[in-house]
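Undergrad: got a sequence here, can you build the structure:
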Amino acid sequence: MNANILKILVNEEEIDRITTRIAAEIDRDYQNTGHKLLLLCILKGSVVFMGDLMKKITLPVEIDFMKVSSYGSGTASSGQVNILLDLHRKDLPDVDIIVVEDIIDSGRTLSYLIEYLRLKGAHSVKTCTMLDKPDRRDENLRDFYPDYVGQVIPDEFVVGYGLDYDEQYRALPYVGVLSPAVYSK
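TA: Numbers count the residues shown, from 1 in each chain. I've put the predicted structure just below:
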């Protein structure tokens with residue numbers, strides 16, 4: 001374990017069980033829709049989760065990417081959603097989108113993206129997250145729940161399995177709680 005990790009919150013075996021379970025749920029829910037299924041990865045943190053998830057989905061599935069930011073440097077959200085890399089497709093009315101996130105805390109970014117993609121004309125938009133921190137939801141988003149949730153976690157600063165602190169720790173094969181000494185400097 002990395003010296004800056006206080007404890008492992010979700011280990012490799014748990015991650016494997018989570019991705020297997022969510023893939024089976026997606027297979028069940030989209031088996032007869034008659035529409036293209038698109039996993040839309042929100043860069044950068046979600047790429048590891050989406051890579052594992054898509055390998056376990058047995059239905060035909062396409063992938064695409066968006067880069068969206070609501071964070072400055074460090075640990076605090078700016079409160080404003082910025083689209084840095086957009087989704088450009090002409091066939092959106094025939095596409096069922098599952099937005100794949102690494103973690104949801106305030107819910108602002110994902111709720112914004114759902115509405116944004118609906119306005120762009122997607123047939124349907126659902127959400128999938130590896131980790132959910134409902135205790136961090138904005139007051140006006142308390143009733144926001146992702147469609148597919150890997151694991152609900154406490155309000156701790158986590159890294160690994162794609163999640164970072166200043167671009168570090170993404171490659172850890174587990175999700176761990178980062179020592180406050182690292183980000184409180």
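Undergrad: check which element follows the helix or strand bottoming out on mean pLDDT in the chain along the chain.
TA: Counting by mean pLDDT, DSSP states H and E, the chain has its least confident helix or strand at strand 77-85, which shows a mean of 79. Downstream of strand 77-85, the first helix or strand assigned by DSSP states H and E is strand 95-104.
Undergrad: ok, that following strand: who's next to it in the sheet?
TA: Sheet pairing for strand 95-104, assigned by DSSP bridges, gives strand 36-43 (parallel), strand 124-132 (parallel).
Undergrad: so can I have CSV of those showing mean neighbour count?
TA: For glycine as for every other residue, the C-beta is placed from the backbone atoms N, C-alpha and C. Rendered in CSV, the data for the strands paired with strand 95-104 read as follows (neighbours: other CB atoms under 10 Å):
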stretch, mean neighbour count
strand 36-43, 21
strand 124-132, 22
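Undergrad: any chance of these in JSON lines, plus mean pLDDT?
TA: Shown next, in JSON lines, are those (pLDDT from 0 to 100):
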{"stretch": "strand 36-43", "mean pLDDT": "97"}
{"stretch": "strand 124-132", "mean pLDDT": "97"}
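Undergrad: format those strands as JSON lines; extra columns: distance to residue 80.
TA: JSON lines is the format used below for the strands paired with strand 95-104 (distance: least, CB to CB, whole Å):
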{"stretch": "strand 36-43", "distance to residue 80": "16"}
{"stretch": "strand 124-132", "distance to residue 80": "20"}
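Undergrad: mind listing the helices for this structure?
TA: Applying DSSP state H to the chain gives helices spanning 12-30, 47-56, 108-119, 180-183.
Undergrad: how about TSV for these, with mean neighbour count added?
TA: Listed next are the helices of the chain as TSV, based on neighbours: other CB under 10 Å:
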stretch	mean neighbour count
helix 12-30	16
helix 47-56	19
helix 108-119	17
helix 180-183	13
